[in-house]
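Q: task: produce atomic coordinates for the following.
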Amino acid sequence: MTEFGRLLLIIGAIVAFAGLVLLVAGRFFPWLGNLPGDFRFEGENYRVYFPLATMILISVVGTIVLNLLIRFFRR
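A: Numbering: from 1, shown residues only. Sure, this is the predicted structure:
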């Protein structure tokens, strides 16, 4: 049970850090979320926002950063 508690704490810290990064990214990169390829549909009673280009950009940058970290710590 102790290891499960530690795992939950680590996951919580990672989620909190990701939230902090997103808050800071919104201030320093105001264009994030408004890229061409981010779809926005609005009607009278609904609003749908699908940030496809932003998700792809974050995925590519995250993949590069994680690969660099893995290569750095394997040595």
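
Q: could you pull out the strands for the chain?
A: 38-42, 47-51 (DSSP state E).

Q: a markdown table for these, including mean neighbour count?
A: For glycine as for every other residue, the C-beta is placed from the backbone atoms N, C-alpha and C. Shown next, in a markdown table, are these (neighbours: other Cβ atoms under 10 Å):
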| stretch | mean neighbour count |
| --- | --- |
| strand 38-42 | 11 |
| strand 47-51 | 11 |
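
Q: which one, of these, ends up nearest to residue 27?
A: Among the strands of the chain, the nearest to residue 27 by Cβ to Cβ is strand 47-51 (17.2 Å).

Q: could you give the angle of the closest one to strand 38-42?
A: Put simply, strand 47-51 runs at 180 degrees to strand 38-42, going by axes from the mean of the first three to the mean of the last three Cα atoms, to 10 degrees.

Q: pairing partners for strand 47-51, with directions?
A: Note on strand 47-51: by DSSP bridges, its sheet partners are strand 38-42 (antiparallel).

Q: mind checking which of the strands of the chain is nearest residue 28?
A: Residue 28 lies closest, by Cβ to Cβ, to one member of those: strand 47-51, at 17.2 Å.

Q: tell me how far the residue nearest to residue 50 when sequence neighbours are not counted lies from residue 17.
A: Excluding its sequence neighbours, the residue lying closest to residue 50 (Cβ to Cβ, 6 or more residues apart in numbering) is residue 39, at 4.4 Å. Distance of residue 39 to residue 17, computed by Cβ to Cβ, to the nearest Å: 28 Å.

Q: low-confidence regions, the protein specifically.
A: For the chain, no stretch has pLDDT under 70.

Q: can you give me the helices in it?
A: According to DSSP state H, the chain carries its helices in the segments 2-28, 52-74.
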